[in-house]
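Novice: Give me a model of this one.
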Amino acid sequence: MRALPLRSAAVLALAGAAAALPGSRTIERPPPGYSGGFGEASCVTCHVGNEINAFGGRVYLTGLPERYEQEGEYVLSVVLEADETEIAGFQVTARFADGPQRGRSAGRLVPVDARTAVTDSAGVSYLHQSRAGSATSDRSGSSWSFAWTAPGSAHAVLFNVAANSGNADESPLGDLVYTHEATAHPAERSPSSGPERLAPRR
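Specialist: The predicted structure is shown next:
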């Protein structure tokens, strides 16, 4: 059983406020804007009582290339590892790290099954667990797969993930929140040698 640290009255008041937030108990769609990147908060805003990345757990991405092909398609996975996970959720974004579109969605995040869904808000797509995706097969964590279509412009893309390992007690207390950040850079393209020239007829 997870041990909860001592909480002051202020922390308990924050927990009460978090429980009252619209959608804070909606397991099928976390509110957008809690990925932990670009100045956003993370799930710990609502799931209070423990520090981020506590007790040796972690969340990370698999399948992300170090260098992506423009408009290439990739299958990625969010992997959550945390003991005593009864229910789980996450939120991931892919945003331009630089350039004129910095902070806006880079490419497209696409669900590949019924365990994930996408919510768009203020020019950013947030891919997250659905109600079906909140269930876990065992108590060691969870994972979710999705597709990413890379952007057609050559800029670095920053992925931010926030995940929640919940204890399923229907309160904002005692859950564990993990965050992760990863960057994919565009592949280097060789300069064009110009249009192909046809050999003259003899």
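Novice: what about the strands in this structure?
Specialist: Remark: strands assigned in the chain by DSSP state E are 58-62, 67-68, 73-81, 87-96, 108-111, 116-121, 124-129, 141-149, 157-166, 176-186.
Novice: possible to save these as TSV with mean pLDDT?
Specialist: Putting the strands of the chain into TSV (pLDDT from 0 to 100) gives the following:
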stretch	mean pLDDT
strand 58-62	98
strand 67-68	98
strand 73-81	98
strand 87-96	97
strand 108-111	98
strand 116-121	97
strand 124-129	97
strand 141-149	98
strand 157-166	96
strand 176-186	97
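Novice: right, and those - which one's nearest residue 27?
Specialist: Nearest of the strands of the chain to residue 27, taken as Cβ to Cβ: strand 87-96 at 6.4 Å. (C-beta placed from N, C-alpha, C; glycine too.)
Novice: That closest one vs strand 73-81, what angle?
Specialist: Comparing the axes of strand 87-96 and strand 73-81 via axes from the mean of the first three to the mean of the last three Cα atoms, to 10 degrees yields an angle of 140 degrees.
Novice: From the contact counts, what lies against strand 87-96?
Specialist: Applying 3 or more Cβ pairs under 8 Å, 6 or more residues apart in numbering; DSSP states H and E, we find strand 87-96 packed against strand 73-81, strand 108-111, strand 124-129, strand 141-149, strand 157-166.
Novice: Sheet partners, orientation included, of the fourth one?
Specialist: When sheet partners are counted by DSSP bridges, strand 141-149 sits next to strand 73-81 (antiparallel), strand 108-111 (antiparallel).
Novice: Output those in CSV, with distance to residue 149 appended to each entry.
Specialist: Converted to CSV, these look like this (distance: least, Cβ to Cβ, whole Å):
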stretch, distance to residue 149
strand 73-81, 5
strand 108-111, 4
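Novice: With distance to residue 51 and mean neighbour count as new columns, can the ones you listed be given to me in TSV?
Specialist: Below are the strands paired with strand 141-149 laid out as TSV (distance: least, Cβ to Cβ, whole Å; neighbours: other Cβ atoms under 10 Å):
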stretch	distance to residue 51	mean neighbour count
strand 73-81	17	18
strand 108-111	28	18
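Novice: Nearest approach to residue 42 belongs to which of the helices and strands packed on strand 87-96?
Specialist: Proximity to residue 42 (Cβ to Cβ) singles out strand 157-166 among the helices and strands packed on strand 87-96, at 4.1 Å.
Novice: ok, now which ones touch residue 155?
Specialist: 96-99, 101, 106, 186 (Cβ atoms under 8 Å, 6 or more residues apart in numbering).
Novice: among these, which two are most distant?
Specialist: 101 and 186 (13.4 Å).
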